[in-house]
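Q: got a predicted structure here, sequence first:
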Amino acid sequence: MKQSGVHGKNYQNTTHLTTSKILLLITLTLITLTVIPLYFPFHKFPSLSSTTHSSTSPATTTLPHHPLITVDDNHYKCDVFSGEWVPNPEAPYYHNTTCWAIHEHQNCQKYGRPDSDFMKWRWKPDECDLPIFNPYQFLEIVRDKSLAFVGDSVGRNHMQSLICMLSRVEYPIDISTTKDDDFKRWYYVSYNFTMATYWSPFLVKFDQPDTDGPTHTGVFSLYLDEFDKKWTNHIDEFNYLVINGGHWFSRPSFYYENHRVVGCKFCQLENVTDYPMTFGYRRALRTAYKAIMSRKQFKGVTFLRTFAPMHFEGGDWNGGGDCIRKKPFKSNEIRLEGSNLELYLAQMEEFDKALKKANENGLKFRLMDITQPMLLRPDGHPSKYGHWPNENVTLYNDCVHWCLPGPIDTWSDFLLHMLKMEGRITAQEKLVNQRKRKIAS
């Protein structure tokens, strides 16, 4: 009986070790399957529905040929947002005639922009390379997932750019539950990937009691401590959030907290304190972060896409200002200043505070810091080429949004890079947890 007990104990140990090895093998296999798409980006990985004909046929633009993309430790040490724009004769990777997602006001070629060099640049970080966007790789990473853009019309500009960049592989179908273009949902059938946009220019609850006001852009009421439920109620539905904001905070606004007016921006009332736009901006960001952290079911990744600078020269947006430059600045030729600098600093400080809280709660907050790269691109805006000339209508030059194709397409390069980094971190976390369980057993 004693000998039998020893054999039984050895058998249990052997079974336990075998089970641990099997679990480790399964984990390593999953990690390998995760990493393979990162190292072989321009291989078209077959999907389950790849043999089925779809009405979402891609554009016929040929994919560029580039060296294999690898994700190594240098990318963790490299600040991909610090660098210069360098010529890229292979760009653009789609055309305004092949992508239906381009907003009319950003369709610069359609409305007569005569030059094309603004489309032929890529971003080169100082200490590493940022690979050109690969639509196949992106769609493999987001297979069976969902992504939402939350913010103002520049956020919508970003989403439409991404749709165009992905059009070389597949067009999405519209699955929106409303006809409102400010709240759209797109579905990539072959990849079971959903992309949505939520228009929330202040990121918090707001209304517009006056559509005119002193600057003829309306007067807004911002409820700085209240969620904008048009997007916050849907947070749990997504794996990734890309939030942005800033441009709208320069407009005349009344600031509310606890259901009472606490100040304003350019309201011109003696009994109400007039604050700079960063007053409302900071509080709106705090409330947006609070909304995300309050969702107990949300386990996804939140990307804050930083403020994209305006480039009005010779006047303000409503005072004859324009953006007529034809090439990028070098990094030593221009500095962030004025309202652009104020918004950026406020954004960075509030993100740092939110990041600490997010880390304490096990949430993933990431920074997509596009401010410096886009500061160098005064040549990428529509200016007067977002509409036909019309002498009977007052139309201002647009130095806020971005032409498509154009510099904003590089934001997809950044997004894909960050998704790859996120995938590697997740794979490493799984391996570490597996090792911990093995040691504990």
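A: Nice, thanks for sending it over. Residues are numbered from 1 along each chain as shown.
Q: model confidence over stretch 113-130, on average?
A: Mean pLDDT, computed over stretch 113-130, is 97.
Q: let me fix that, I meant to ask about stretch 210-218.
A: 72.
Q: for the stretch 1-150 of the chain, what are the low-confidence residue spans?
A: 1-76 (pLDDT under 70).
Q: which parts of the stretch 301-441 of the chain are strands?
A: Counting by DSSP state E, counting those that start in this stretch, the stretch 301-441 of the chain has strands at residues 301-305, 364-368.
Q: just put the ones you listed in a markdown table and tack on mean pLDDT, mean neighbour count and distance to Leu404.
A: C-beta here means a position set from N, CA and C on the backbone, and glycine is covered the same way. What follows is the strands of the stretch 301-441 of the chain, written out as a markdown table (pLDDT from 0 to 100; neighbours: other C-beta atoms under 10 Å; distance: least, C-beta to C-beta, whole Å):
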| stretch | mean pLDDT | mean neighbour count | distance to Leu404 |
| --- | --- | --- | --- |
| strand 301-305 | 98 | 23 | 17 |
| strand 364-368 | 98 | 19 | 19 |
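Q: between the ones you listed, which one is closest to Arg282.
A: The closest of these to Arg282 is strand 301-305. By C-beta to C-beta, the value is 13.4 Å.
Q: report the separation between Trp402 and His158.
A: 9 Å (C-beta to C-beta, to the nearest Å).
Q: can you list residues touching both of the two?
A: By C-beta atoms under 8 Å, 6 or more residues apart in numbering, Trp402 and His158 have these common neighbours: Ile408.
Q: excluding chain neighbours, what is closest to Gln297?
A: Excluding its sequence neighbours, the residue lying closest to Gln297 (C-beta to C-beta, 6 or more residues apart in numbering) is Asp236, at 4.5 Å.
Q: am I right that the one you found is in a helix?
A: Yes: with DSSP: H, G, I helix; E, B strand; the rest coil as the criterion, Asp236 is part of a helix.
Q: number of residues surrounding it?
A: Per other C-beta atoms under 10 Å, the neighbour tally for Asp236 reads 12.
Q: now do the same contact list for it.
A: Going by C-beta under 8 Å, 6+ apart, Asp236 touches Arg295, Gln297, Phe298.
Q: so which of these are in helices?
A: Among these, the subset assigned to helices under DSSP state H is empty.
Q: quick one: contacts for Thr410?
A: Thr410 sits in contact with Arg122, Trp123, Pro373, where contact means C-beta under 8 Å, 6+ apart.
Q: select only the buried ones of those in ChimeraX?
A: Entered in ChimeraX, the line below selects the buried ones among the contacts of Thr410, by 16 or more other C-beta atoms under 10 Å:
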select :122,123,373
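Q: tell me which of the contacts of Thr410 fall in helices.
A: Counting by DSSP H, the part of those found in helices is Pro373.
Q: from the contacts of Thr410, pick the one nearest His95.
A: Using C-beta to C-beta, the contacts of Thr410 come closest to His95 at Arg122, 17.2 Å.
Q: I'd say that closest one and Ala91 touch.
A: Yes: Arg122 is within contact range of Ala91, at 6.6 Å (criterion: C-beta atoms under 8 Å).
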